[in-house]
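>>> Sequence plus the predicted model coming up.
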Amino acid sequence: MSVFKYDKDADGIVTITMDMTGPVNAMNQEYRDAMGETVERLEQEAGLAGVVFASAKKVFFAGGDLNDLLSVQKGDEDRFMALLEDTKEQLRRLEKLPVPVAAAINGPAMGGGFEICLACNHRVAWDDKSVQVGLPEVTLGLLPGGGGVVRMVNLLGLEKAMPYLLEGTRVSAAAAREQGLVHELVATREELVPAAKAWILAQKDNPEAAVQPWDRKGHKIPGGNASHPAVAQLITIAPAMLRKKTRGLLPAPEQILDCAVEAARLDFDTALRIESRGLTYLVTTPVAKNMISTFFFGMNRLNGGASRPGAVEPTAVKKVGVLGAGMMGQGIAYVSAMAGIEVVLKDISLEAAQKGKAYSESLLAKRVAKGRMSEDKKAGVLGLIKPTADNADLEGCDLIVEAVFENIELKHQITLDTEGYLAENGVWGSNTSSLPITQLAEASKKPENFIGIHFFSPVDKMPLVEIICGDKTSDETLARAFDYARQIRKTPIVVNDSLGFFTSRTFGTYLDEGVRLLKEGVHPAQIDALGKAVGMPVGPLAVYDEVSLELTRKAQETWKAMGVLDAHSDSSVTREVVDTMVAEHGRGGRHHGGGFYEYAADGGKTIWPGLFDLYYRADASLPESDMKDRMLFRQVIESLKCLQEGVLRTVDDGNIGSIMGIGAPAWTGGFIQFVNTYGAQRFVDRCRELAATYGERFEPPAIAVEKAAAGELFS
Ligand SMILES: NC(=O)c1ccc[n+]([C@@H]2O[C@H](COP(=O)([O-])OP(=O)(O)OC[C@H]3O[C@@H](n4cnc5c(N)ncnc54)[C@H](O)[C@@H]3O)[C@@H](O)[C@H]2O)c1
């Protein structure tokens, strides 16, 4: 029996219910076989009045089979191209049936799933929050190769199609209806197929309904085709704009733009073939392999609980205490309340706590203004946050997250003062960005319940949480912290204790290398430009100004006093430069009147001229490739050391943590995956080359040397 169930009703309408082997419907050989047979049968069906595509799964259709796509290697291009062309031809035959075809979208329809819908004449969706449509291929280094690029451009026009194609924007059923991606909404799942059939029956006297817009005589692309002046102008400037964003490091958006432009220029079927060629090229690139491995498989493993102790039953937080209503605390309060958790937000005064709550109010007001939330829901979320200056309000919390100043005495003191209010088995989480958890836990009566829950700023936008186990943290506490992170819809990585844990420790090497280049006489603007050229979001000197040189200096003093400033973080060069900047020149960073840069009132910035007298040397001429590699390799080496020392427990934690927490370039697939693609032996050789010229910090870690010798990948 086919995995596409075929049912013809008394009106002559055939309903195809897709029910493929495995948990989801996906585009693979089984799909091609089933779709091939189905189209063939529909073409021969006598008395056919229309077709409805439905799904027996919760997800309408999940898209391309990523295992299949990952396995395509260089040399397989002809075979892959032929498969793509087959898939496309089937959809083309479907949309050329002489009867109307409708999609009944009962769940997410992503990528290939939405491409099937686009090949239908009519799209009916269940108006439920589980239903989303979109073409997320670009986020995996691919392009929608089942006709998605060409149909979207023909449906929406070049400009409007761009966010869907270049950013992988997904939209809810309601938004899809507004944007013209879906034609009709129904309130319940049960109404879907009847609504699709009703539409088909209503088209009896309207033969045009069976013809796709792009197959109609005189079809015009909305907004105009490539020769329309406005579109021609867009086509001229778009590649440069895109390159500014991708810095030439991501081939997928560039291919997508090329295909989209061809779709606006050429006939439909030629454009489809160009689209197939684009995907055939992308699918074998290392960037696509990296992005699929990390963003799909790695992410699924992490969110699925690979780092969570499985023996502990699932838990949920009902009441959380947030200590400190500053920049981080107010964000933690917001994301917790958004997840329906009761929040006690405590600061040293009620006013300070209320100010923290006002932050949630302003974020919620923006949601309401955009029509993404009702006033009632807003009031409900706000009602969950209780601002206070009174410790007694923390009574019965099953989790307390502290986000007070980065000061160990203060953190010890508040642990002593408030830990007793926790419910039995309640968890104490510190949001410290660097202080070792084991030492922070020394103030606790229950160090087994003590853990690091490290958020990133801004908390409402950053998707990662780094969970840090101290020496005594129990499995139960880890499981509870993990469940909380999932409850507030973050992706948790789990690491062991270390100064700066994984993310701050690794990111610190990037900043350190930037400062070293400065000290070696490189032009400061070139340092930041090269940091961005390798794909980091911000140059190292600009980052230093943002996080503040002043705070860095204080942190270094604290670590020194604690005796934890060990080899990996002891950068005498950085300390010397930071000291000179702050103590001798009063350059504490952006919020201290300026640092490496000077900041104008209008937000513009220029290099602080004093830097040229202090460090710049016109005769310093380092090879650009060395400078770029230095900034990247320092971070990769530090990540490998974290893995070697057991700070990182898994490769996935390292890859996802580096991308989502540090801003590692997406093209690498994460700092450890980078070694897999670069080649372990080649990596070791390049490290040694850099070490010979620039110092032993570039010596390859033993773990990389071993992998290279064994010819293995990090997995
Ligand atoms: N800012 C970041 O990007 C970032 C990122 C991750 C982690 N962190 C860490 O989060 C913590 C807080 O950082 P922040 O940027 O929100 O600082 P912040 O200065 O904005 O806020 C700290 C708040 O703690 C309050 N506070 C001080 N003593 C208190 C006490 N005894 N009881 C209750 N509240 C008290 C202060 O009044 C202030 O409102 C620090 O440990 C920091 O290292 C910061």
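Alright, I've got the coordinates.
>>> When you work out contacts or count neighbours from here on, use the C-alpha atoms and nothing else.
Will do.
>>> can you list the weak-confidence ranges in the stretch 601-715 of the chain?
For the stretch 601-715 of the chain, no stretch is flagged by pLDDT under 70.
>>> residues near the residue in it that the ligand sits nearest to, how many?
Nearest residue of the stretch 601-715 of the chain to the ligand (CA to the nearest ligand atom) works out as Gly661 at 10.2 Å. Applying other CA atoms under 10 Å, we find 23 residues neighbouring Gly661.
>>> part of a strand, is it?
No: using DSSP: H, G, I helix; E, B strand; the rest coil, the secondary structure at Gly661 is helix, not a strand.
>>> For it, list the residues it contacts.
Neighbouring residues of Gly661 by CA atoms under 8 Å, 6 or more residues apart in numbering: Phe456, Met462, Leu464, Thr503.
>>> Provide the backbone phi and psi angles at the second one.
Here the main-chain torsion angles of Met462 (degrees, to the nearest 10) amount to phi -80, psi 130.
>>> For it, which non-adjacent residue is closest in space?
Phe456 (5.9 Å; CA to CA, 6 or more residues apart in numbering).
>>> Would you mind measuring from the one you found to Asn431?
9 Å (CA to CA, to the nearest Å).
>>> quick one, which of the two is more surrounded?
Using other CA under 10 Å, the more surrounded residue of Phe456 and Asn431 is Asn431, with 27 against 20.
>>> you'd agree that one is up against Glu406?
No: in this structure, Asn431 is not within contact of Glu406 by CA atoms under 8 Å, at 9.2 Å.
>>> how is the protein carved up into domains?
4-284, 319-496, 503-623 (automatic domain parsing).
>>> So which of those is nearest Gly305?
domain 319-496 (8.2 Å; CA to CA).
>>> can I assume His454 sits in a strand?
Yes: His454 sits within a strand when classified using three-state DSSP.
>>> Tell me, how many residues neighbour it?
With other CA under 10 Å as criterion, His454 counts 24.
>>> Kindly report the same for Cys642.
Cys642 has 23 nearby residues by other CA under 10 Å.
>>> Next: Glu409.
11.
>>> Name the next helix or strand downstream of the host helix or strand of it, please.
Secondary-structure assignment from DSSP states H and E places Glu409 in helix 408-418. The helix or strand immediately downstream of helix 408-418 is strand 422-430, counting by DSSP H and E.
>>> Can you list the strands that that next one pairs with?
Paired with strand 422-430 in the same sheet, following DSSP bridges, are strand 397-402 (parallel), strand 450-455 (parallel).
>>> how far is the last one from where the chain is centred?
When C-alpha coordinates are averaged (CA atoms, centre = their mean, to the nearest Å), strand 450-455 and its chain have centres 21 Å apart.
>>> which residues sit against the helix or strand following that strand?
Once the chain leaves strand 450-455, the next helix or strand it forms, by DSSP H and E, is strand 464-469. Contact with strand 464-469 is made by 437, 451-456, 478, 481-482, 485, 490-497, 501, 503, 657, 660-661, as judged by CA under 8 Å, 6+ apart.
>>> does strand 464-469 come close to the ligand?
No: contact of strand 464-469 with the ligand (CA under 6 Å from any ligand atom) is absent, the minimum separation being 9.7 Å.
>>> hang on, the earlier thing: could you say which of the strands paired with strand 422-430 is packed most deeply?
Among the strands paired with strand 422-430, strand 450-455 has the highest mean neighbour count (mean count of other CA atoms under 10 Å), at a mean of 29.
>>> need the contact list for Met581.
Leu549, Arg587, Gly588, Gly595.
>>> From the ligand, how far out is the third one?
In other words, Gly588. The gap separating Gly588 from the ligand is 16 Å, by CA to the nearest ligand atom, to the nearest Å.
>>> I figured that residue hits Leu549, correct?
Yes: using CA under 8 Å, Gly588 is in contact with Leu549, at 4.9 Å.
>>> tell me what the helix or strand of the chain with the lowest mean pLDDT is packed against?
Sorting the helices and strands of the chain by mean pLDDT, DSSP states H and E puts helix 549-562 at the bottom, at a mean of 83. Taking 3 or more CA pairs under 8 Å, 6 or more residues apart in numbering; DSSP states H and E as contact, the helices and strands that helix 549-562 lies on are helix 572-579.
>>> quick one: contacts of the helix it packs on?
Here helix 572-579 has contacts from Asp512, Val515, Arg516, Lys519, Leu549, Glu550, Thr552, Arg553, Gln556, using CA under 8 Å, 6+ apart.
>>> Could I get the average pLDDT for stretch 309-329?
Regarding stretch 309-329, the rounded mean pLDDT is 97.
>>> Which helix runs longest in this structure?
Assignment by DSSP state H gives helix 624-645 as the longest helix of the chain.
>>> Can you tell me what sits against it?
The contact list for helix 624-645 (CA under 8 Å, 6+ apart) reads 502, 505-507, 509-510, 513-514, 517, 530-531, 533-534, 648-651, 654, 671-672, 674-675, 687, 690, 697-698, 700-704.
>>> do the next helix or strand after that helix and the ligand meet at all?
Scanning forward in sequence from helix 624-645 by DSSP H and E, the next helix or strand is helix 651-657. No: counting by CA under 6 Å from any ligand atom, the ligand is not contacted by helix 651-657; separation bottoms out at 13.8 Å.
>>> which helices and strands sit right next to whatever helix or strand comes next after helix 651-657?
Next in sequence after helix 651-657, counting helices and strands by DSSP H and E, comes helix 673-678. Here helix 673-678 touches helix 286-291, going by 3+ CA pairs under 8 Å, 6+ apart.
>>> Up against the ligand, what does the stretch 301-450 of the chain have?
323-329, 346-348, 403-406, 414, 431-433.
>>> Please pick the buried ones from those.
Taking 16 or more other CA atoms under 10 Å as the criterion, what is buried in those is 323-326, 328-329, 346-347, 403-404, 406, 414, 431-433.
>>> Tell me which of those residues fall in helices.
Using DSSP H, those in helices are Met328, Gly329, Ile414.
>>> Of those residues, which is the nearest to Ser336?
Using CA to CA, those come closest to Ser336 at Gly329, 10.5 Å.
>>> so what's that closest one closest to, chain neighbours aside?
Ala403 (5.4 Å).
>>> Give me the distance between Asp215 and Met18.
26 Å.
>>> When the two are compared, which one has more neighbours?
Met18 (24 against 13).
>>> For the stretch 101-250 of the chain, which segments are assigned as strands?
101-105, 109-110, 122-126, 132-134, 170-172, 184-186 (DSSP state E, counting those that start in this stretch).
>>> For the ligand, which of the ones you listed is the nearest?
strand 170-172 (28.5 Å).
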